[in-house]
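**Q** Next come a sequence and a model predicted from it.
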Amino acid sequence: METVISGIVVAAVSGLGFLAYKHSRAYKKLYWPLSIISLALFLGAIVWDKSNSTAHVAALPYIPREMLAEADKAITDKTFFGGPKHPVYIGIGMCLIFYLTFLYYLPLLFDDNKPVKEEHDK
């Protein structure tokens, strides 16, 4: 499963980079929807995790001691960012937003005054 996900991520990053470099006008139309969707998913996952952990802490006094391990596992299984990888996932979300923004400004790195010579214009 991780191989499939990593392949999809590499394809998406490459495709967005190609689109932003070769077809900057088309990418600029996609930038805001992609950024808003990415930010909404990221913030939604953080809110979900925070609400799960808050509910878990509030319910601890009502859970018998012999059931604590099962309760912890049930909560951890329902989180996006649970466990020690929490800062890693936050970093990934922030890097995604920064990458999308970098691609938005990528055409500014090149001289736009020169006409682009395309292969089929010969």
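**A** Received it, and whenever you're ready, just let me know what you need. Residues are numbered from 1 along each chain as shown.
**Q** Let's test this: what are the backbone torsions at His23?
**A** The phi and psi values for His23, taken as degrees, to the nearest 10, are phi -130, psi 70.
**Q** distance of the most centrally placed residue in the chain from Ser14?
**A** The centroid of the chain falls nearest to Gly93 when counting by CA atoms, centre = their mean (4.1 Å). When distance is defined by CB to CB, to the nearest Å, Gly93 is 20 Å away from Ser14. From N, CA and C alone the C-beta is placed, and that goes for glycine too.
**Q** Name the nearest residue to the residue nearest to the centre of the chain, sequence neighbours excluded.
**A** Leaving aside its sequence neighbours, Gly93 sits nearest to Phe42 (CB to CB, 6 or more residues apart in numbering; 4.0 Å).
**Q** Show me what the host helix or strand of the one you found is packed against.
**A** According to DSSP states H and E, Phe42 maps onto helix 24-59. Counting contacts by 3 or more CB pairs under 8 Å, 6 or more residues apart in numbering; DSSP states H and E, helix 24-59 packs against helix 2-22, helix 68-77, helix 86-105.
**Q** Rebuild these as JSON lines, extending it with distance to Ile46 and mean pLDDT.
**A** Formatted as JSON lines, the helices and strands packed on helix 24-59 follow (distance: least, CB to CB, whole Å; pLDDT from 0 to 100):
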{"stretch": "helix 2-22", "distance to Ile46": "20", "mean pLDDT": "88"}
{"stretch": "helix 68-77", "distance to Ile46": "16", "mean pLDDT": "76"}
{"stretch": "helix 86-105", "distance to Ile46": "8", "mean pLDDT": "84"}
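**Q** For Tyr31, which of those helices is the nearest?
**A** helix 86-105 (4.8 Å; CB to CB).
**Q** Can you list the buried residues in that closest one?
**A** Buried residues in helix 86-105, counted by 16 or more other CB atoms under 10 Å: Tyr89, Gly93, Leu96, Leu100, Leu103, Tyr104.
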